[in-house]
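A.B. asks: sequence unknown, structure follows:
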C-alpha cells in the first residue's frame, strides 16, 4: 500500500507514534488509509448537511476494512460571491482545491480518497486532484435542494430571486413580494434546484463513472444520499484492493460520455471550462470542438431549469442519471466505473419512470444538445452559448454594441433602465486574466430576463455565465480582451451579428478597420496587483483550454 511508507519498518517508529497520537490503534497500521476530502462549511447551502454524510462515509470505510481521515477543503458559494469582488475568487478556487487535495494526499501517502463535494468549482477541483494523483478515488456529491414553495407554486433560486430582482426593478412585483420570494426560494440544504453548474457537474461526474449510480440526483435531505455515502466508503476500499486508480476511470471514453450526458441534459456552460481542466490533469487532450461535435449528435431530452420548467427533484424521481444513460445507450462509449459495472451495463439496467421528464430521442425538446461552440472574427479561438436556454427567435440576432469594461458598469446601466431593445451588451476585461478569475455574470443576465429584455437584448463577454443563465448570452470569448483579442477593439455603435445555428459571432466591420484598431490597442493596467489573484492572472491559460494554470 502507498501508506506503508509512513507506517512500516523500524525507521517509521516516529511516524507511527504521531499516527497513534491521533487515536489509531496498532492494528490500524495494516489497513488502507482513506482520505475523506470534505468541503463542509456553514457558508454554503449545498454543504451544510455534509457532517451527516461524513459520518456515513466513515462508517462505510471502516465497514470495508479501511481507516478514514477527514480533512477540510475550502469552498465558495457562487451565489453569495456573485456581483461583487468575491466572484474574482470563484474559478481560481478550483485550482486551490486541487492543490490542497494533492498536498494532503501526497504528504500523508494516502491509499485512496473519498471526495465529498457539491458546488460549482469544488466538484471539478476535486476531480482534477483525483486525475492528477491517479490513486483510487470516488466522488460523493451531497445532492440537490428541494424546490421552494410560495403561493402554491414551486420556486427556485434563479427565477425567484435573481430574476425577481429585475421584475421588482421593472415595477412588476412589490418589495414585499420580493422579500417573500427570497424567504421561500431556498428551503434548506442542497445544491440549487435547477441544472446549474453544481448539479451539472454532479451529473457529469456520475456519467464519467466517478460516482455511484444515482448519486448525482439523490436529494440532499434523503436517506438515499446517506446510503450512497456509506456505500461509497465501502467501495473505496474495494477500489484500492483491485488497484483501480482514477485514470483507469477518467479516460477519453469517460470524458466523452460525460459531455454527451451534459449535452442531453442542457447543462451549464461552465462544464466547457471544467471538463477540459479535468482532462488536462488526466493527461488527455480535449479540444473545444469535441463539445460542439457531440452536441450536434445528441438531442436535448430534458427540460430542466433555468431554461425549462422541471427541477432536479423531478429528474431524480424520473430515474436520475441512469435513466438518462438509458436514453443514450447506443451512443455511449464502453467505460469502467467506480461501481464496478461498465457504464453501458448501468444504462441497460436502468428504468425510466417518467417519459416526459426524460424524453425519448425522437421526441426531444431540441434536436441538438445544450451547448454550442461559436467562432467568427469576434471569437477566433471560440465562444460558448447555452443554446437550449434561448428562444427560437433569438438564435439569430443582430444589434448595436453597448460596451462596458467591467460587469459592475453594465449592471448599473441595466438597473438604471439605460439598455434598449436591439442592443448587444459587450462586457470585457472579465476573462481569466483580465478579470482576473473570469467572473460569472448571473446578476446582469437575470436582471435582463426579469425586466423583459431577454427577447430583444444579447450579452457577450470574455467572462462566463452561471449555470442559471438563460437567454442569448455568449461567454468564454477567446482570446480574451486582456490578451488583445478582438473583443478589446469593439466600440459603441458597432454592429454585432450572432448566428447560433451557423456557430458564428461576428463584428460587422471590415477587416482593415479591425486590424487598424488592434494595432492601436494598448493593454490596460491589471485590476488586481497583489495577493493570490495577481499570481493567478500571470499563470492562467485561455478559457478555450479550460483556464488551467501553467
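C.D. replies: Noted; the coordinates are in hand. Only a predicted model underlies this, so the values are computations on that prediction, with no experimental measurement involved.

A.B. asks: what are the boundaries of the helices in the stretch 201-350 of the chain?
C.D. replies: Using DSSP state H, counting those that start in this stretch, the helices assigned to the stretch 201-350 of the chain run over residues 223-241, 246-249, 252-265, 271-281, 289-297, 312-318, 320-327, 343-349.

A.B. asks: among those, which is nearest residue 65?
C.D. replies: With C-beta to C-beta as the criterion, residue 65 lies closest to helix 223-241 of the helices of the stretch 201-350 of the chain, at 5.4 Å. C-beta coordinates here come from the backbone N, C-alpha and C atoms, glycine included.

A.B. asks: any idea of the angle that closest one forms with helix 320-327?
C.D. replies: Helix 223-241 runs at 70 degrees relative to helix 320-327, counting by axes from the mean of the first three to the mean of the last three C-alpha atoms, to 10 degrees.

A.B. asks: who are the packing partners of helix 223-241?
C.D. replies: strand 33-38, helix 50-64, strand 112-117, strand 137-141 (3 or more C-beta pairs under 8 Å, 6 or more residues apart in numbering; DSSP states H and E).

A.B. asks: which of the ones you listed is buried the deepest?
C.D. replies: Mean neighbour count (mean count of other C-beta atoms under 10 Å) peaks for strand 137-141 among the helices and strands packed on helix 223-241, with a mean of 32.

A.B. asks: TSV for the helices of the stretch 201-350 of the chain, including mean neighbour count, distance to residue 170 and mean pLDDT?
C.D. replies: Formatted as TSV, the helices of the stretch 201-350 of the chain follow (neighbours: other C-beta atoms under 10 Å; distance: least, C-beta to C-beta, whole Å; pLDDT from 0 to 100):
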stretch	mean neighbour count	distance to residue 170	mean pLDDT
helix 223-241	22	39	98
helix 246-249	22	48	98
helix 252-265	25	31	98
helix 271-281	26	32	98
helix 289-297	18	34	98
helix 312-318	22	29	98
helix 320-327	24	37	98
helix 343-349	19	45	98
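
A.B. asks: out of these, nearest to residue 126?
C.D. replies: That would be helix 271-281 among those, by C-beta to C-beta, at 9.7 Å.

A.B. asks: chain center to that closest one: distance?
C.D. replies: Distance of helix 271-281 from its chain centroid, counting by C-alpha atoms, centre = their mean, to the nearest Å, is 10 Å.

A.B. asks: from residue 171, how far out is residue 177?
C.D. replies: 11 Å (C-beta to C-beta, to the nearest Å).

A.B. asks: so the two - more neighbours on which side?
C.D. replies: In terms of neighbours (other C-beta atoms under 10 Å), residue 177 is the more surrounded of residue 177 and residue 171; the figures are 16 against 8.

A.B. asks: picking that back up, include distance to residue 140 when you put the helices of the stretch 201-350 of the chain into CSV, please.
C.D. replies: As requested, the helices of the stretch 201-350 of the chain are arranged in CSV below (distance: least, C-beta to C-beta, whole Å):
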stretch, distance to residue 140
helix 223-241, 5
helix 246-249, 15
helix 252-265, 17
helix 271-281, 17
helix 289-297, 26
helix 312-318, 16
helix 320-327, 14
helix 343-349, 17
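
A.B. asks: between these, which gets nearest to residue 167?
C.D. replies: Going by C-beta to C-beta, the one of those nearest residue 167 is helix 312-318, 23.6 Å.

A.B. asks: name the surrounding residues that touch that closest one.
C.D. replies: 144-147, 191, 193-195, 199, 217-219, 302, 304, 324, 352-354, 357-358 (C-beta atoms under 8 Å, 6 or more residues apart in numbering).

A.B. asks: at 7 Å instead, please
C.D. replies: For helix 312-318, contacts defined as C-beta atoms under 7 Å, 6 or more residues apart in numbering pick out 144, 146-147, 193-195, 199, 217-219, 302, 304, 352-354, 357-358.
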